[in-house]
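[1] Sequence below, structure please.
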Amino acid sequence: MSVMIRPEAGQDLAAIWNVNQAAFEGDAEANLVDALRDGGFAEVSLLAEINGEVVGHIIFSRITIATEAGAVDALSLAPMAVLPKYQRQGIGSGLMEAGLAACRVRGHRIVIVLGHPEFYQRFGFTAELARPFESPFGGGEAWMALELVPGALSGVEGRVEYSPPFRPFE
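    Okay, the predicted model is just below:
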């Protein structure tokens, strides 16, 4: 099985919507991806293909951390989806590695995620780094952060503010 990971293109939008809808068994996350893209909040949006079929997708969008000293720019990783029949085959890991690399190349410093700790910790996300941040979603150990640049979160604490497309999930 040869998986190709690449940036999304205009002709991929319906397939990306279908991947998110199937992976999350509903329209909410699929619609979120469209709203992030349409609102200009998406920074990195990649897909995974096998033999021309879109089987996975990941999107990073702009957020801020509101601190007493002002706003700190960060990214949200959400959602990430793989078609159910292709899950647990390394496609999500490939999307993560390529997505984080693309974020670093673009000069981003911080990524926040609410997700399965056992998966995201493999890529350096920790709940410890996210503890100083108030989440609109709760999260406990599932609320995690990653420094793309070492020390980027040093001394940073405050409230994470997501873009308007995330409001229905709050």
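[2] Could you use CA atoms for every contact and neighbour count after this?
    Fine.
[3] the strands in this structure, which residues?
    Assigned by DSSP state E, the chain shows strands spanning 3-7, 42-50, 53-67, 70-82, 110-114, 133-134, 143-147, 158-161.
[4] hey, which helix is longest across this protein?
    Identified as the longest helix of the chain according to DSSP state H is helix 91-105.
[5] on contacts alone, who are the packing partners of it?
    Helices and strands touching helix 91-105, as assessed by 3 or more CA pairs under 8 Å, 6 or more residues apart in numbering; DSSP states H and E, comprise strand 3-7, strand 42-50, strand 53-67, strand 70-82.
[6] Pull up the distance across stretch 152-170, start to finish.
    26 Å (CA to CA, to the nearest Å).
[7] same deal with stretch 120-134?
    19 Å.
[8] how about it: buried residues?
    For stretch 120-134, a neighbour-count test (16 or more other CA atoms under 10 Å) marks Y120, Q121, F125, T126, A127, L129, A130, R131, F133, E134 as buried.
[9] Can you tell me the strand partners of the lowest-mean-pLDDT helix or strand in the chain and which way each runs?
    Sorted by mean pLDDT, DSSP states H and E, the helices and strands of the chain end with strand 133-134, the least confident at a mean of 94. Strand 133-134 sits in its sheet next to strand 158-161 (parallel), going by DSSP bridges.
[10] Quick one: distance of the partner strand to the chain centre.
    In terms of CA atoms, centre = their mean, to the nearest Å, the centre of strand 158-161 is set 17 Å apart from its chain centre.
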